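J.: any chance you could fold what I've pasted below:
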Amino acid sequence: MTILVVEDEIKITRFIKKGLEMEHYTVETAYDGQEALDKAEINNYDLIILDIMLPKIDGITVCRKLRENKVETPIIMLTARDTVEDRVKGLDAGADDYLIKPFAFGELIARIRALLRREKTVKSTKLVVGDLSMDPATHEVFRGDKEINLSSKEYRLLDYMMRRPGQVCTRTMIGEHIWGYNFTDDSNVIDVYISYLRKKVDNGFPNKLILTVRDVGYKIADKKKIKM
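T.: As a prediction, the model looks like this:
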């Protein structure tokens, strides 16, 4: 599971990152509010640890903007301010939990596990586009009655698109989510994997679900439903 840690104090960030990696989580970091927004809107993190006092954009605003943009990733807010008013602001902005500095790392881990257990239950809901279905809990994918076997990257790509039905996924969005920030836009790897998906998902079916948006990227949509 991948966690985004948003904290401008380098020592605290390193402390949290090292501890989470020892617990076998994958950790990415951001040091200001704008960087946090950019990363959280491109990548599907399992959880975000978000400090309130951040450069550029404060944590409360970051949290509120993410929720306005339909990013439902669980968020634990960190703050040195121990007042009811501050906790209320964070929770009202859309945070799922609140932790006051300084904190015991064991408590942070316990809160993370509790939120991830809850999120796992939520994510068990199947994703459906037309007659294509994906079960995030079992990683099973079906087109009608036909089971589709996908590689790890094919699954991540399809999952990313199915969570955004009808929305255009640009090449940059796909590249950075699946291949990370080392992705270069002049690579044809996205086209190759889209081709793999089309062979498995669309071949043999008259209603094609994976669509090309010329000069922009791709999207997954049920054209029959659109025409209605």
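
J.: neighbours of Ile178, how many?
T.: Neighbour count for Ile178, taken as other C-beta atoms under 10 Å: 19. (Glycine included, C-beta is placed from N, CA and C.)

J.: count of residues packed around Thr172?
T.: 14.

J.: off-centre distance for the helix or strand where it lies?
T.: In the assignment (DSSP states H and E), Thr172 maps to helix 171-179. Remark: helix 171-179 is offset 12 Å from the chain centroid, using C-alpha atoms, centre = their mean, to the nearest Å.

J.: and it, what does it pack against?
T.: Under the contact criterion of 3 or more C-beta pairs under 8 Å, 6 or more residues apart in numbering; DSSP states H and E, helix 171-179 touches helix 33-42, helix 152-162, helix 189-201, strand 217-220.

J.: next, the angle from it to helix 33-42.
T.: Angle of helix 171-179 versus helix 33-42, following axes from the mean of the first three to the mean of the last three C-alpha atoms, to 10 degrees, is 80 degrees.

J.: quick one: mean pLDDT over helix 171-179.
T.: Averaged across helix 171-179, pLDDT comes to 79.

J.: before we move on, what about stretch 44-54?
T.: Per-residue pLDDT over stretch 44-54 has a mean of 92.

J.: check the offset of stretch 189-202 from the chain's centre.
T.: Worked out by C-alpha atoms, centre = their mean, stretch 189-202 lies 21 Å from the chain centre.

J.: now it: buried residues?
T.: Of all the residues in stretch 189-202, those buried under the rule 16 or more other C-beta atoms under 10 Å are Ile190, Tyr193, Ile194, Leu197, Arg198, Lys200, Val201, Asp202.

J.: tell me the SS of the residue nearest to the spatial centre of the chain?
T.: Residue closest to the average C-alpha location in the chain (C-alpha atoms, centre = their mean): Asn44, at 1.2 Å. Following DSSP: H, G, I helix; E, B strand; the rest coil, the label given to Asn44 is coil.
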